[in-house]
Structures are given as structure tokens and as C-alpha cells.
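[1] sequence below, structure please.
(2 chains)
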2 protein chains.
Amino acid sequence: MAETARTPVSHRRPDGGPDPADPRSRYGNRPTMKDVAARAGVGLKTVSRVVNGEPGVTPDTERRVQEAIDALGFRRNDSARVLRKGRTASIGLVLEDLADPFYGPLSRAVEEVARAHGALLINGSSAEDPDREQELVLALCARRVDGLVVIPAGDDHRYLEPEIAAGVATVFVDRPPGRIDADVVLSDSFGGARDGVAHLIAHGHRRIGFIGDQPRIHTAIERLRGYRTAMAEAGIEVDESWVSLGLTHPERVARAAETMLAGPAPVTAIFAGNNRVTVTVVRVLAGLTRPVALVGFDDIELADLLRPGVTVVAQDAAQLGRTAAERLFRQLDGASGPPERVELPTRLITRGSGELAPAD
Amino acid sequence: MAETARTPVSHRRPDGGPDPADPRSRYGNRPTMKDVAARAGVGLKTVSRVVNGEPGVTPDTERRVQEAIDALGFRRNDSARVLRKGRTASIGLVLEDLADPFYGPLSRAVEEVARAHGALLINGSSAEDPDREQELVLALCARRVDGLVVIPAGDDHRYLEPEIAAGVATVFVDRPPGRIDADVVLSDSFGGARDGVAHLIAHGHRRIGFIGDQPRIHTAIERLRGYRTAMAEAGIEVDESWVSLGLTHPERVARAAETMLAGPAPVTAIFAGNNRVTVTVVRVLAGLTRPVALVGFDDIELADLLRPGVTVVAQDAAQLGRTAAERLFRQLDGASGPPERVELPTRLITRGSGELAPAD
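    Numbering: from 1, shown residues only, chains lettered A, B, ... in the order given. The predicted structure is shown next:
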């Protein structure tokens, strides 16, 4: 039985529970399956079996679990609205850039999951500033969201520990958290970049440029690692003039591309580290007379209608958002266990630009 | 002197003012320039002159205004943070679709203005559902935002009247509010569409299709009105089979385009009512052997690199957001006066697709 399709079981909290209107009661005191397991003196899996009506539990154990459920007022999935009585039925999403089209489908997917759970989604953007991220996260917590989906800008999230301890469900997406343990949903940046660069090598390229985002960003480093691995696997020594990390604004990226494409031994192919980079590289290459191959990480709108079409390593942004949001609601539904890291596969889509042979 | 570049003048509220921690004091009791004007028995412009240190006020009047300022504890621009003591230094933005790239630069511009004013931006999406819009707006108000920028999905905003009366600053953007009077910042949808269609007519087209968004959306109707006006001005009678309004998802738009392009007297040009429509029409036209002209409302990324480049009527999404947010902070700074409607011009960008001659 799929986790999201569990048979609803209703165990209503007895009267006299915390008052949902009292702000102090909103977090941290809703019993979880873990509490039930501890009180009943059984394992989590056993509680899960009883709650979900699965076989494999002795009548005596089932009775003990049921008593713990009743004593604690534990309750799970009956209707999304009812579920979060005592909660605010709202979740927060912290993005890093409101204008990056990659986050559009991701945000919308989070919103759709929230809506399916009867919850409201509130967004904000860190604008890739760690201080701003922290300010926004804490502001959303102060506004009593039940949980947070965070695309982190910073690399130290210990500021979130008190919130998580107080019961704010938290899932990171697109990039991992720093210095805390939490659920995280990522694309396989390393594997995707390695595949994309190997694809260029398979088409005869050896001098391949890599233009990526700032080195403090996890995905930038993972994709660079994929590039270096593919090159090493092909026995190609990377000339450091082929590698450029930095801001993804058009001026910086265009300059980096132009530099790699100049000189006596220019690159014959470029791997672009994300959609912002790809768009600018496409523009630079359109101004050249000789063909230069290109593979970009992230799909871009209309990539198939350009000539040549742009070959990309596509991530499923909507699936990232959906997976993260579903994990968040699973936490809110009382699921427990150690934080997990989910990595979604990428997909190479060949359209022409990545299949061009080297010009020389 | 530009309104946004006023010399900061500090008039601190005397001790004993409302406690910012008391939720009842957060709205509705911050004195405005209007209050100062009423108490001093002068006009608003006079108060503005005194506050901004502008000439043209007699010493006696200046003294009266200053006394009213001191008595009321009126205070304006010294630092953004200080300004909103007693406020929450946060504003809300309600979009209609998180995944529409048009709203990316708009959101980011609102955020930049908010940030420049020391305020946090919180977003949410109505997903083009009037009930959802209302739920989200009221949820943001309940979370004590100082003001709201709203891209409305619905056409009845009377539900906002109590919030506005309670002091929540409100500016609508992209589409006007329904059944209430409020500040609104729009693009000139009518004029832009008329220009775009006139451009096609000037290139020899007479059978011109119009594919737009749902008829309950203000911009869709305004752009259709622009189309009809341009056609009428050229003495062309519109065949109703050339006009299609509805959802902007790819299947519906592709079917509409294919229908107009079939038959014995197909359209030779299409005017696409927004970026979602344009992207699909580009895709449909790419599959044809004969050239069909296209002008789209809204610019789209990479439009210049397609062959032919896509001619568009561009709106400045960032400027819409910036203008709306600046008006919002002007309200929060105590500006008063009747609600205003600001209309920003559009710009025709010719790139090839709109300059194709009719195929027949």
C-alpha cells in the first residue's frame, strides 16, 4: 500500500486537549507515532501496522498500542482539515530567486500538494542571501506555519533547530541543509552533469568548457564534480581555463564563454551548469560562425524550437516540489524516523546542440 | 523633487504611543498626513510642504502644522525600519500563477522595493481561483502584513473593505479590482493590442486571428477590444471564427490555432493574447510549411533567437511590480487622496514574425 494512500483511521483527541487558539499549544505537543511506540513499549513499525490496519501484530500488542493511542490522543489522516486542528493549515516555501523559471513549476507543485492537504502555501525569497533566508524562515515560523519547504541560500541552518524541536516540519529541496540533519530532496546533479559531459565526449569533444554558478552553491559544486569525473573517466586532463564558476548574470557568463572560445585552442563544446547559464551561452553561440556544441543542465522553454535545438540534462522541477511537499505532510501526519535524503534522477534530452561534432 | 527621493524628516512619536506588541494597535491608528492636515486646518499639500521642507508656507502655517505633527505623533521617512515601528514590516503579494514566467520579474521587483523599505515580502498564489484569492488575502491579513499587492483572480473585492478600513494598504496590479475603489497599476492592454494588430494590418494581413485568455479576465477582454478596434479602424470585418478565448493551456490553444489555420480561407496572421498563448502558437507555426505571421502580447525569453524572431508587444513586468510596490509604501508612509489608476505603456518589438507578408 502506498504511503500516500493509507486507509484513514480516526483517533480523535479527547476533550481537554490543548486549546488550538492558544499559541503555545500550536507546536511541539501533538503526539506522534514515536510517542505511541514509546508509551506502548513497541517499535515504530508495530504502531504503523496497528494504525494502518496491517497484519502481523498479536492481539495483545495491538491492545497495548491502542491504549497508548487513546491515552495520548494520537490521531492520523481522517481529513486534511480535521488533521490539522490545532495547527494553522499553512506551510511556507522559501525560494532563492522569484524570477528563476526553474522555481515556477517547483512552487506550483508544492502549492498543489498543500492544497490537496487543505493547507495554504506562503512563499518568500531569500534572493540568494543567507541572512535574508534566515530572516524569512523565522518570520514564517513567527507567523505560525506548520511546516517549511526550504531551498537554502545559506550553509548553516542551526538557527532552525529550535523551530524543528518545537515541531515545525521541515524539508529542504534542491540543495541540502548545512550543519543540521533534515529531510532533503535533490536532483542527481553529479550524475546528470557526468552524463551530459560524457555525451559531449562521445561526440568527439575533448576541450569542453564548464560554466557554473557560484562555488558556495551545492548544485554548482556537484555539477562541476560530475564534469571532472566524466573528463577523468575519458582520460582527459582539464585545463583550468575551461572552468568558470560565478554569478549567473548574463554579463559574467558571456565573458566566461567568450574567453573559453577565444585563443589558439578554444573549447569546442560547453557544458552550462544551469538554465540561466544556458540561455546566455545560447545567445553567445548564436553570434559565432563556427558550430560549438552545448549541453545545458535544466530544460528551458522553447529549447526544442531553436536551431540547433538545445540538448539538456533535465531535472523534473515539479517532481522535486511534489516530493518535498509530500514528505512535509508525511511529517505533519506523524511519520517519524531519521531524516532522509531523496535523490531524483535527471534525464538527457538530445535535440541537436549536444550532438554537434568538434569544429576542428 | 521626485516623490521617492524626499528629504527624510524625523518626527518621533512621543512616548506613551500604542504598544507595538499589542495586536490591536497594529492597524488603523497611525496618524497620516491627512490627520495632520485636519488638525492644523490646512490642505494636504501644505502638510507635505512642511514635512518635506519645501518652500511656499508662511511661518504661522508652518508652526500650526508642526504643532499638529507633534500633538499627533506623526512621523515619516527617517529610516525604513523606524518608520514602521508599530507595524510588522512585511507586505503580501498575491499572484495568480506561480509558474507563469511573467510574474517572475514582477515578484522580484516588488521584493526589491520591499527590501529597500526594510520590509519582508510574503507571496501566495490564487491559482486563478477567486475563492482561493480571498482565502489567501485574508490569511495574509490575519498574519498581519502591513499592505498587499494583489493580482486579482476574482471580480468582487468587497471582502477587502474591512481590511482596508483597518489600515491595510492595498494596491492592485496587472488587473483592476472589482466593486471596490483602490490603487491599481496596469499595462495598456488595449493600446498594446491595437498597436500589434495594426502592425499586422500594415504588413498586408486582413484575416487575422486572436487567441486570448478566459473572457472573465480583464486583460483578455482589453486586448480583444484592442484587436477589434484595430480591425475596425482598418475597415476589416471580423469573422467570429477568427476569435478564440479560453484557457491558455497548450491543448486548447493549439486546437484554436489549428482551427483558424484550416479551411478554405485560413487566417494569415495570429495575434496571441499573452505569453502562454504565444509559446504554443510558435510551436504550431513551426510545424507548418507556409509562413504565418505572429505578434504576441508579452515578451518571451529567447524570442529573438527563434527563426523568425517573435515580434511582441512587451509589457515591463518589473516596472509594473516596482510601481505597485512603491505606491503601496507611499500609502504606508501616510500619503492619502483618492485611489488612482496608473497605466504603463507597452512597446512593440519587431523581430521578424510580425513582419511576414500574407502567404496568399
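
[2] how many residues are close by A:G226?
    27 (other Cβ atoms under 10 Å in any protein chain shown). Heads up, the C-betas are built off the backbone N, CA and C, glycines and all.

[3] wouldn't it be in contact with A:R194 here?
    Yes: the pair A:G226 / A:R194 is scored as a contact, 3.8 Å apart, by Cβ atoms under 8 Å.

[4] do a quick rundown of the strands in the stretch 151-300 of chain A.
    With DSSP state E, counting those that start in this stretch as the definition, the stretch 151-300 of chain A shows strands at residue ranges A:169-173, A:183-187, A:208-212, A:243-245, A:269-272, A:293-297.

[5] what's in contact with the shortest one?
    What it means is strand A:243-245. Residues outside strand A:243-245 that contact it (Cβ atoms under 8 Å, 6 or more residues apart in numbering or on different chains): A:209-215, A:220, A:224, A:227, A:256, A:259-260, A:273.

[6] out of these, which are buried?
    A:G209, A:F210, A:I211, A:G212, A:D213, A:A220, A:L224, A:Y227, A:A256, A:M260, A:G273 (16 or more other Cβ atoms under 10 Å in any protein chain shown).

[7] near chain B too, which of those?
    Among those, no residue lies close to chain B (Cβ under 8 Å from any Cβ of the partner chain).

[8] pLDDT for the residues you listed - can I get that in TSV?
    Conversion of the buried ones among the contacts of strand A:243-245 to TSV gives the following (pLDDT from 0 to 100):
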residue	pLDDT
A:G209	98
A:F210	98
A:I211	98
A:G212	98
A:D213	97
A:A220	97
A:L224	98
A:Y227	98
A:A256	98
A:M260	97
A:G273	98
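
[9] tell me who's in contact with the nearest residue to A:Y103 once chain neighbours are set aside.
    Excluding the flanking residues, the one nearest A:Y103 by Cβ to Cβ, 6 or more residues apart in numbering or on different chains is A:L95, at 5.0 Å. Each residue near A:L95 by Cβ under 8 Å, 6+ apart is listed here: A:Y103, A:L106, A:S107, A:N123, A:G124, A:S125, A:S126, A:I151.

[10] how about the secondary structure of the fourth one?
    The one in question is A:N123. Per DSSP: H, G, I helix; E, B strand; the rest coil, the local secondary structure of A:N123 is strand.

[11] thinking again about what came up before, now tabulate the contacts of A:L95 in a markdown table and tack on neighbour count and pLDDT.
    Listed next are the contacts of A:L95 as a markdown table, based on neighbours: other Cβ atoms under 10 Å in any protein chain shown; pLDDT from 0 to 100:
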| residue | neighbour count | pLDDT |
| --- | --- | --- |
| A:Y103 | 25 | 93 |
| A:L106 | 28 | 96 |
| A:S107 | 26 | 95 |
| A:N123 | 26 | 91 |
| A:G124 | 25 | 92 |
| A:S125 | 27 | 93 |
| A:S126 | 23 | 93 |
| A:I151 | 25 | 97 |
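
[12] nearest to B:G354, of the residues you listed?
    A:Y103 (31.0 Å; Cβ to Cβ).

[13] kindly confirm whether my reading is correct that that closest one touches A:I151.
    Yes: A:Y103 lies in contact with A:I151 (Cβ under 8 Å); the separation is 7.3 Å.

[14] any shared contact partners between those two?
    Counting by Cβ under 8 Å, 6+ apart, the common neighbours of A:Y103 and A:I151 are A:L95, A:E96.

[15] next, the closest residue in space to A:A169 that isn't next to it in sequence: phi, psi?
    Residue nearest to A:A169 in three dimensions, not counting chain neighbours: A:G147, with 3.3 Å by Cβ to Cβ, 6+ apart. The phi and psi values for A:G147, taken as degrees, to the nearest 10, are phi -160, psi 170.

[16] tally of neighbours for A:E237?
    A:E237: 7 neighbours (other Cβ under 10 Å).

[17] and the closest residue to A:P338 other than its chain neighbours, how far is that from B:A38?
    Residue nearest to A:P338 in three dimensions, not counting chain neighbours: A:D181, with 7.5 Å by Cβ to Cβ, 6+ apart. According to Cβ to Cβ, to the nearest Å, A:D181 and B:A38 sit 59 Å apart.

[18] the bottom helix or strand of chain A by mean pLDDT?
    Ranking every helix and strand in chain A by mean pLDDT, DSSP states H and E puts helix A:80-83 at the bottom, with a mean of 33.

[19] parallel or antiparallel, which strands does the helix or strand following that helix pair with?
    Next helix or strand after helix A:80-83 toward the C-terminus (DSSP states H and E): strand A:90-95. Its sheet considered, strand A:90-95 pairs with strand A:120-125 (parallel), strand A:147-150 (parallel) by DSSP bridges.

[20] sec struct for the residue of chain A most remote from its centre, please.
    Note on chain A: the largest C-alpha distance from the chain mean falls to A:D60, namely 42.1 Å (Cα atoms, centre = their mean). What three-state DSSP gives for A:D60 is helix.
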